[in-house]
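1. got a structure for you, letters missing:
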(Lines give C-alpha, C1' and ligand atoms only; values in the text may rest on other atoms or scores of the structure.)
Protein backbone atom coordinates (compact mmCIF):
# COMPACT_ATOMS: atom_id res chain seq x y z
CA UNK A 1 0.00 0.00 0.00
CA UNK A 2 1.48 3.27 -1.14
CA UNK A 3 1.54 6.07 1.41
CA UNK A 4 2.88 9.60 1.41
CA UNK A 5 2.36 11.27 4.76
CA UNK A 6 3.22 14.94 5.16
CA UNK A 7 3.93 16.58 8.50
CA UNK A 8 5.42 19.77 9.90
CA UNK A 9 2.84 22.31 8.80
CA UNK A 10 1.35 24.89 11.11
CA UNK A 11 0.97 28.56 11.90
CA UNK A 12 4.07 30.74 11.69
CA UNK A 13 4.70 34.49 11.70
CA UNK A 14 6.04 36.26 8.62
CA UNK A 15 9.80 35.84 8.44
CA UNK A 16 9.65 32.55 10.30
CA UNK A 17 10.64 29.04 9.25
CA UNK A 18 9.07 25.64 8.97
CA UNK A 19 10.36 22.25 7.90
CA UNK A 20 7.96 19.92 6.14
CA UNK A 21 8.53 16.19 5.97
CA UNK A 22 6.98 13.54 3.76
CA UNK A 23 7.33 9.91 4.85
CA UNK A 24 7.00 7.48 1.96
CA UNK A 25 6.20 3.77 1.98
CA UNK A 26 4.94 1.07 -0.34
CA UNK A 27 7.07 1.92 -3.39
CA UNK A 28 10.73 2.21 -4.36
CA UNK A 29 11.29 5.73 -3.08
CA UNK A 30 14.83 6.04 -4.44
CA UNK A 31 13.64 5.53 -8.03
CA UNK A 32 11.07 8.35 -7.98
CA UNK A 33 11.53 12.04 -8.55
CA UNK A 34 9.87 13.88 -5.69
CA UNK A 35 8.03 17.17 -5.70
CA UNK A 36 6.35 19.61 -3.36
CA UNK A 37 3.22 21.31 -4.62
CA UNK A 38 1.00 23.84 -2.90
CA UNK A 39 -2.53 25.08 -3.32
CA UNK A 40 -3.83 28.31 -1.86
CA UNK A 41 -7.57 28.99 -1.45
CA UNK A 42 -9.14 29.84 -4.80
CA UNK A 43 -5.95 29.12 -6.72
CA UNK A 44 -4.66 26.24 -8.81
CA UNK A 45 -2.15 23.80 -7.41
CA UNK A 46 1.40 24.92 -8.25
CA UNK A 47 4.76 23.19 -8.29
CA UNK A 48 7.04 24.56 -5.59
CA UNK A 49 10.16 22.40 -5.74
CA UNK A 50 11.48 19.21 -7.33
CA UNK A 51 14.34 16.82 -6.67
CA UNK A 52 15.68 13.98 -8.81
CA UNK A 53 15.67 10.37 -7.54
CA UNK A 54 19.22 10.43 -6.16
CA UNK A 55 19.03 14.06 -5.11
CA UNK A 56 21.58 15.33 -7.58
CA UNK A 57 19.41 18.06 -9.05
CA UNK A 58 16.77 20.39 -7.69
CA UNK A 59 14.45 23.01 -9.15
CA UNK A 60 12.34 25.71 -7.58
CA UNK A 61 9.52 28.02 -8.48
CA UNK A 62 10.74 31.59 -8.86
CA UNK A 63 8.55 32.65 -5.95
CA UNK A 64 10.48 30.48 -3.47
CA UNK A 65 14.04 30.51 -4.84
CA UNK A 66 16.56 31.42 -2.19
CA UNK A 67 14.06 30.81 0.62
CA UNK A 68 13.04 27.13 0.29
CA UNK A 69 15.28 24.06 0.10
CA UNK A 70 14.11 20.62 -0.99
CA UNK A 71 16.07 17.56 0.10
CA UNK A 72 15.62 13.83 0.53
CA UNK A 73 17.00 10.97 2.58
CA UNK A 74 16.64 7.79 0.54
CA UNK A 75 17.80 5.68 3.48
CA UNK A 76 14.82 6.96 5.48
CA UNK A 77 12.37 7.18 2.55
CA UNK A 78 11.71 10.77 3.50
CA UNK A 79 11.38 14.03 1.58
CA UNK A 80 11.88 17.44 3.19
CA UNK A 81 11.12 21.06 2.46
CA UNK A 82 12.92 23.67 4.54
CA UNK A 83 11.03 26.94 4.29
CA UNK A 84 12.69 30.13 5.52
CA UNK A 85 11.70 33.79 5.39
CA UNK A 86 8.08 32.80 5.05
CA UNK A 87 5.60 35.29 3.63
CA UNK A 88 1.81 35.48 3.93
CA UNK A 89 1.59 34.51 0.26
CA UNK A 90 3.19 31.17 1.13
CA UNK A 91 0.00 30.23 2.96
CA UNK A 92 -1.39 27.08 1.32
CA UNK A 93 -1.86 23.37 1.67
CA UNK A 94 1.44 21.72 0.78
CA UNK A 95 1.39 18.34 -0.97
CA UNK A 96 4.09 15.74 -1.43
CA UNK A 97 4.20 14.09 -4.87
CA UNK A 98 6.15 11.13 -6.21
CA UNK A 99 6.57 10.66 -9.96
CA UNK A 100 8.37 7.85 -11.77
CA UNK A 101 9.97 7.90 -15.21
CA UNK A 102 6.92 5.91 -16.38
CA UNK A 103 4.65 8.77 -15.24
CA UNK A 104 3.24 6.77 -12.34
CA UNK A 105 2.57 9.20 -9.54
CA UNK A 106 1.34 9.31 -5.98
CA UNK A 107 0.08 12.12 -3.76
CA UNK A 108 -0.01 12.78 -0.06
CA UNK A 109 -2.99 14.19 1.77
CA UNK A 110 -1.43 17.60 2.33
CA UNK A 111 -0.40 19.70 5.30
CA UNK A 112 -1.59 23.24 6.01
CA UNK A 113 0.92 26.06 6.24
CA UNK A 114 -0.39 29.41 7.44
CA UNK A 115 1.82 32.49 7.57
CA UNK A 116 0.21 35.24 9.58
CA UNK A 117 0.92 37.68 12.38
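-> Perfect, thanks for sending it. From a predicted model like this one, the values you see are computed outputs, not experimental measurements. Residues are numbered from 1 along each chain as shown.
2. For the rest of this, base every contact and every neighbour count on C-alpha atoms.
-> Will do.
3. Tell me which residues touch the residue nearest the centre of the chain, please.
-> For the chain, residue 36 is the residue whose C-alpha lies nearest the centre (C-alpha atoms, centre = their mean; 2.9 Å). With contact set as C-alpha atoms under 8 Å, 6 or more residues apart in numbering, residue 36 has these partners: 47-50, 81, 94-97.
4. likewise residue 109?
-> With C-alpha under 8 Å, 6+ apart, residue 109 has these contacts: 4-6, 95-96.
5. cool, residue 39 as well?
-> Applying C-alpha under 8 Å, 6+ apart, the residues near residue 39 are 45-46, 92-94.
6. just checking, which of those belong to strands?
-> Cross-referencing these against strands under DSSP state E gives 46, 92-94.
7. which one of those residues sits closest to residue 26?
-> Of all the ones in strands among the contacts of residue 39, residue 94 has the smallest distance to residue 26: 21.0 Å, by C-alpha to C-alpha.
8. how about the nearest residue to the closest one, chain neighbours excluded?
-> residue 38 (4.3 Å; C-alpha to C-alpha, 6 or more residues apart in numbering).
9. what about that neighbour, neighbour count?
-> When neighbours are defined as other C-alpha atoms under 10 Å, residue 38 has 22 of them.
10. That one and residue 1: what is the separation?
-> For residue 38, the distance to residue 1 equals 24 Å [C-alpha to C-alpha, to the nearest Å].
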